[in-house]
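Engineer: Below are the sequence and a predicted model for it; my questions follow.
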Amino acid sequence: MPFRSLLITATAAGALAMAAPAFALPPRNDNYLSSLPIDPAVASSDTGFTDNTDTTEATTQSDLFNPSRDGQPLGGAGPENLACGATTFGKTVWYDLHPPANGGVEITTAGFDAVVTMYEWNKQTARITRNVRCHDRSGLTEDMIVPTVRKGHAYTIQVGGVAGPGGVIAGGPLEFHVDYFPDTDNDGFLDGEGDKCPTTPGPRAFGGCPPELNISPSLNFDSTANGITINRLIVGRVPRGAKVTATCGGCRAQKVTARRSTVELRRIEGRSVRAGSKVRVRVTLGRSGKGKYRFGATGKLITWPVRRGGIGLKKEQCLHEGTGRIQKCR
């Protein structure tokens, strides 16, 4: 069990032994180890994640591992941060986020003048490892955008009231809201921004989908009594680096890596192809890391059915850029 979970369990056990006081209690997520989890599925929905609480009795901690008011002998993490630049704050509450995919978040609060800070923490030690960003804007609302959060990383969000004149800390009813914008395919185009292929990476210019190869194949042949003889098989408009494979009934496959935009399958030329079989050309292109095809391309499979004395209608199918499997063309 991660160290933070052990600390939370110990704190919860101590809290159950306490008698309920007659006065107002601090919020349930007053302490770092009692952070309220944010459901990523809810945060990424149309409504987002919202929590309403009252920070009037919220506290701050001199040691983040000593979170309870019952005197639990926990410690060793040091005091919580209470400053964002020159602005100091207090009466803090905490929220946890574990993104299931890379993406970004927008955090908003309303109710009083507050500071919002996001940290990253280590799941094994429970220690905060870095301050991701803090936001302080004078007024009753805050709106902080964190453009990059990483899949598998653990984040915690601290909200505290600004220290006003005379050191009076702002507090009271608080509305805390999070919108999480996943980038499931990690192509830099957030799912909620209109990515038409949220699970398949592609450039923004193509709606977040990989572009389809726009090849131009050509098959010249002579008719025979039992099929055809291939005179020439070429493929035009082939991107450099694409893999071109040609097969036919009774032929050995020829594989070529394109160096020019036109590829001629010379080993197929002169081959006799019997009726009932097919001539196929398969063109795929993997990731190039830059430009139009930086995430690869949707490949093409061209098929000519061979009949007695000729060929049937050419069939064109699309190939998944990662697996090479036949898929529906977009």
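Structural biologist: On my side now, so go ahead. Bear in mind that the values here come from a model prediction, so they are computed numbers and not experimental data. Numbering: from 1, shown residues only.
Engineer: Residue ranges in the chain under the pLDDT threshold?
Structural biologist: The chain contains residues with pLDDT under 70 at 1-23, 67-73.
Engineer: Tell me who's in contact with the residue of it most remote from its centre.
Structural biologist: Going by CA atoms, centre = their mean, the residue of the chain most distant from its centre is Ala225, 56.9 Å out. Applying CB atoms under 8 Å, 6 or more residues apart in numbering to Ala225 gives the contacts Arg308, Gly309. Yep, even glycine has a C-beta here, placed from its N, CA and C like the rest.
Engineer: Could you do Ala86 as well?
Structural biologist: Ala86 neighbours (CB under 8 Å, 6+ apart): none.
Engineer: State the distance from it to Leu74.
Structural biologist: 32 Å (CB to CB, to the nearest Å).
Engineer: what does Asn214 give?
Structural biologist: As judged by CB to CB, Asn214 and Leu74 stand 64 Å apart.
Engineer: One more: Ile326?
Structural biologist: Per CB to CB, Ile326 is found 58 Å from Leu74.
Engineer: quick one: which of those two has more around it?
Structural biologist: When Ile326 and Leu74 are compared on other CB atoms under 10 Å, the one with more neighbours turns out to be Leu74, at 17 against 12.
Engineer: element containing Glu175?
Structural biologist: In this assignment (DSSP states H and E), Glu175 forms part of strand 173-182.
Engineer: Tell me the strands beside that strand, with direction?
Structural biologist: strand 49-54 (antiparallel), strand 103-110 (antiparallel) (DSSP bridges).
Engineer: Any chance of those in a markdown table with mean neighbour count and distance to Arg137 as columns?
Structural biologist: Converted to a markdown table, the strands paired with strand 173-182 look like this (neighbours: other CB atoms under 10 Å; distance: least, CB to CB, whole Å):
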| stretch | mean neighbour count | distance to Arg137 |
| --- | --- | --- |
| strand 49-54 | 17 | 20 |
| strand 103-110 | 21 | 10 |
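Engineer: now those as a markdown table including distance to Ala154?
Structural biologist: Converted to a markdown table, those look like this (distance: least, CB to CB, whole Å):
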| stretch | distance to Ala154 |
| --- | --- |
| strand 49-54 | 16 |
| strand 103-110 | 14 |
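Engineer: Compare these and report which one is nearest to Ala205.
Structural biologist: strand 103-110 (20.2 Å; CB to CB).
Engineer: any residues touching that closest one, and which ones?
Structural biologist: Contacts of strand 103-110 (CB under 8 Å, 6+ apart): 43, 97, 99, 116, 118, 135, 140-149, 157, 159, 174-183, 190-191.
Engineer: same thing but at 6 Å, please
Structural biologist: 116, 141-147, 149, 159, 175-183 (CB atoms under 6 Å, 6 or more residues apart in numbering).
Engineer: Kindly report the same for stretch 155-172.
Structural biologist: For stretch 155-172, contacts defined as CB under 6 Å, 6+ apart pick out 35, 55-56, 88-97, 109, 111-121.
Engineer: Buried among the residues you listed? Make that a PyMOL selection.
Structural biologist: The following PyMOL line selects those of the contacts of stretch 155-172 that are buried, judged by 16 or more other CB atoms under 10 Å:
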select buried, resi 35+55+89+90+91+92+93+94+95+96+97+109+111+112+113+114+115+116+117+118+119+121
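Engineer: before we move on, could you check phi and psi at His33?
Structural biologist: You called it His, but residue 33 is Leu. phi -80, psi 0 (degrees, to the nearest 10).
Engineer: where's Tyr293, which helix or strand?
Structural biologist: Using DSSP H and E, Tyr293 falls within no helix or strand.
Engineer: and it, what does it touch?
Structural biologist: For Tyr293, the contact set (CB under 6 Å, 6+ apart) comprises Leu285.
Engineer: Thank you, goodbye.
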